[in-house]
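Trainee: Any chance you could fold what I've pasted below:
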Amino acid sequence: MDSVKELTKKIIKFRDARDWKQFHNPKDLAISLSLEAAEVLELFQWKSLKEIQKYVVNNKNHIGEELADVFYWILLMSHDLKIDPVKALENKLKKNIKRYPIKKSKGSHKKYTQLK
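Mentor: Alright, predicted model coming up:
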């Protein structure tokens, strides 16, 4: 499997070969990321839990393609903004470990600001 850096290089090569960087400002990258995430949501919209379970079993490739689109924009935006997405995720996880201590958050869906 390719590393995040290798995938990012492939994405940049793909984009640059098409001269699309000119369209990729932070606002439009964020919009594209949001739109692709909405397409993931759309896959599950209006389905019951039972329908979703069946859909997931029968449509893993399509779901994977939509998740890949989200990942594409995350990597592209991270590259252009000079943010290491792996380091950013590691830092966020450290922050969330503190925000959501196991004793207070286990089995709860409450936001960290609501935990007592």
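Trainee: and Pro26, what does it touch?
Mentor: Pro26 makes contact with 77, 80-81, according to CB atoms under 8 Å, 6 or more residues apart in numbering. Bear in mind the C-beta positions are built from the backbone N, C-alpha and C, glycine included.
Trainee: what about stretch 101-109, start to end distance?
Mentor: One end of stretch 101-109 sits 13 Å from the other (CA to CA, to the nearest Å).
Trainee: Now do it: everything it contacts.
Mentor: Under CB under 8 Å, 6+ apart, the answer for stretch 101-109 is 112, 115-116.
Trainee: Could you point out which of those residues is nearest to Tyr72?
Mentor: Here the nearest of the contacts of stretch 101-109 to Tyr72, counting by CB to CB, is Tyr112; it sits at 30.0 Å.
Trainee: Look at the closest residue to that closest one other than its chain neighbours and say how many residues are nearby.
Mentor: Spatially, and ignoring its direct neighbours in sequence, Tyr112 is nearest to Arg99 (3.8 Å; CB to CB, 6 or more residues apart in numbering). A total of 14 residues lie near Arg99 under the criterion other CB atoms under 10 Å.
Trainee: Numbering from 12 from now on, please.
Mentor: Let's use 12 as the start, then, which means that last one is Arg110.
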